[in-house]
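Undergrad: Give me a model of this one.
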Amino acid sequence: MNSRRSFLKSAGLATAAGATALAAPAVRAQDKKITWRLQTYAGPALAEFVIKPSIEAFNKAANGAMEIELYTSDQLVPTGELFRAMQNGTIDAVQSDDDSMNSPLDIKVFGGYFPFASRYNMDVPTLFYEYGLADIWDKAYAEVGVQWISAGAWDPCNFATVKPITSLADLKGLKVFTFPTAGKFLSQFGVVPVTLPWEDVQVAMQTGELDGLAWSGITEDYTVGWADVTDYFLTNNISGGWCGSFFVNADRWAEVPDYLKVLFRMCTDSSHLHRLHWYWGGEAKLRAHGDKMKLTTIPAEEWKTVEDAAGAFWDEIATQSDRNAKVIEILKQYQKDMVAAGPPYRS
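TA: Numbers count the residues shown, from 1 in each chain. Below is the predicted model of the structure:
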């Protein structure tokens, strides 16, 4: 709370009535050192792994020319206000998915967990850097005063629940903390999406406000403490890799010398690489050796109902804009290529 109060005061967000509102960026001291505030969607325990090492490396390598102050989920502004705060310059940079930070762009639906867009986390960077999504994201965010930096994968999206799920019928009425687009998709199967601040999730599980999560894979469940309040882990997932990016206010990015821009991009790439192996290894290790959650599975022939529903959902999203239609075209082509390639890409 002290961090939030200090931020609100320095950023000019406090009003005379004591309420808060996003305002114009504070005037920066004209010194040589560049200082950014970067907020991640991740809570403190998760941030230790998914971003903190790369930011610490950047600050060390910048050698006093620039420093990035790292803030975790909801610490300065609520996650749903991240985009607006960055666009206005009240914070400088963000690590999040497009969906959670409430991006105003049509492509925000593809951030986080777009149903069955990936089977493995390696699919995410391949789609961006080999199939053209990076160019689409870069041009789209330039339209709204934001520099898109890079995208990477996190973990798959599985259910962690207080009761076992062994059939689609078990999803009906299940109160679940999940991402906006994933929640919209899952609601057709009776899931009740619940929106809460990230730090309130564990208590909500204990009080019965939530029955489960569809927010992460098993690595995150153990890392942030959710495995302590859930008993079951469903091995079927609706996405093989969470899709998130680094973003920077375009004006702040323009102020940075080229050598520091290169350094920042290298550090974000390092962050993406670390998550690829940390999650891939963690998911396997905890499924094999974890002792806090029992694994359950919905039979493949029944789960195919969910997979088939994703096709109709994709077609619906494609009608929303020409840009979304282009993304869906790329996703469909990618799926065809993976199937044609065969194992290990697709069986």
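Undergrad: what about the helices in the stretch 1-150 of the chain?
TA: Counting by DSSP state H, counting those that start in this stretch, one finds helices in the stretch 1-150 of the chain at the ranges 2-10, 44-50, 52-62, 82-88, 123-129, 133-142.
Undergrad: could I get these as JSON lines with mean pLDDT, mean neighbour count and distance to Trp154?
TA: All C-beta spots, glycine's among them, are computed from the backbone N, C-alpha and C. Converted to JSON lines, those look like this (pLDDT from 0 to 100; neighbours: other CB atoms under 10 Å; distance: least, CB to CB, whole Å):
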{"stretch": "helix 2-10", "mean pLDDT": "54", "mean neighbour count": "13", "distance to Trp154": "25"}
{"stretch": "helix 44-50", "mean pLDDT": "95", "mean neighbour count": "18", "distance to Trp154": "7"}
{"stretch": "helix 52-62", "mean pLDDT": "98", "mean neighbour count": "17", "distance to Trp154": "14"}
{"stretch": "helix 82-88", "mean pLDDT": "97", "mean neighbour count": "22", "distance to Trp154": "16"}
{"stretch": "helix 123-129", "mean pLDDT": "98", "mean neighbour count": "20", "distance to Trp154": "8"}
{"stretch": "helix 133-142", "mean pLDDT": "98", "mean neighbour count": "17", "distance to Trp154": "16"}
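Undergrad: His277 is nearest to which of these?
TA: Nearest to His277 among the helices of the stretch 1-150 of the chain is helix 44-50; the distance by CB to CB comes to 11.3 Å.
Undergrad: Which strands or helices does the closest one pack on?
TA: With contacts taken as 3 or more CB pairs under 8 Å, 6 or more residues apart in numbering; DSSP states H and E, helix 44-50 sits against helix 218-224, helix 258-289.
Undergrad: Give me the contact list for that helix.
TA: By CB atoms under 8 Å, 6 or more residues apart in numbering, the list of residues contacting helix 44-50 from outside reads 40, 42, 70, 72-73, 95, 154, 220, 223-225, 271, 274-275, 278.
Undergrad: quick one: the residue minimising distance to the centre of the chain and Leu82, what's the gap?
TA: What sits nearest the mean C-alpha location of the chain, by CA atoms, centre = their mean, is Asp97, with 3.6 Å. With distances taken as CB to CB, to the nearest Å, Asp97 is found 10 Å from Leu82.
Undergrad: Quickly list what's touching both of these two.
TA: Common contact partners of Asp97 and Leu82 (CB under 8 Å, 6+ apart): Tyr41.
Undergrad: ok, which stretches of the stretch 201-347 of the chain are helices?
TA: 201-207, 218-224, 250-254, 258-289, 300-318, 322-341.
Undergrad: Quick check: which of these is nearest to Ala182?
TA: Each of these was scored for nearness to Ala182 using CB to CB, and the closest is helix 300-318 (10.6 Å).
Undergrad: for that closest one, the distance to its chain's centre please.
TA: Relative to its parent chain, helix 300-318 has a centroid offset of 22 Å by CA atoms, centre = their mean, to the nearest Å.
Undergrad: One more: stretch 166-177?
TA: 23 Å.
Undergrad: List the buried residues of that stretch.
TA: Buried residues in stretch 166-177, counting neighbours by 16 or more other CB atoms under 10 Å, are found at Leu168, Asp170, Leu171, Leu174, Val176, Phe177.
Undergrad: Just the endpoints, please. Distance across that stretch?
TA: 19 Å (CA to CA, to the nearest Å).
Undergrad: from the contacts of helix 44-50, which single one is nearest Trp253?
TA: When these are compared against Trp253 (criterion: CB to CB), the nearest one is Gln95, at 14.7 Å.
Undergrad: check contacts around the closest residue in space to the closest one that isn't next to it in sequence.
TA: In this structure, Gln95 finds its nearest non-sequential neighbour in Thr40, 4.2 Å apart by CB to CB, 6 or more residues apart in numbering. Taking CB under 8 Å, 6+ apart as the definition of contact, the neighbours of Thr40 are Ala47, Val50, Ile51, Leu70, Tyr71, Thr72, Ser73, Val94, Gln95, Ser96.
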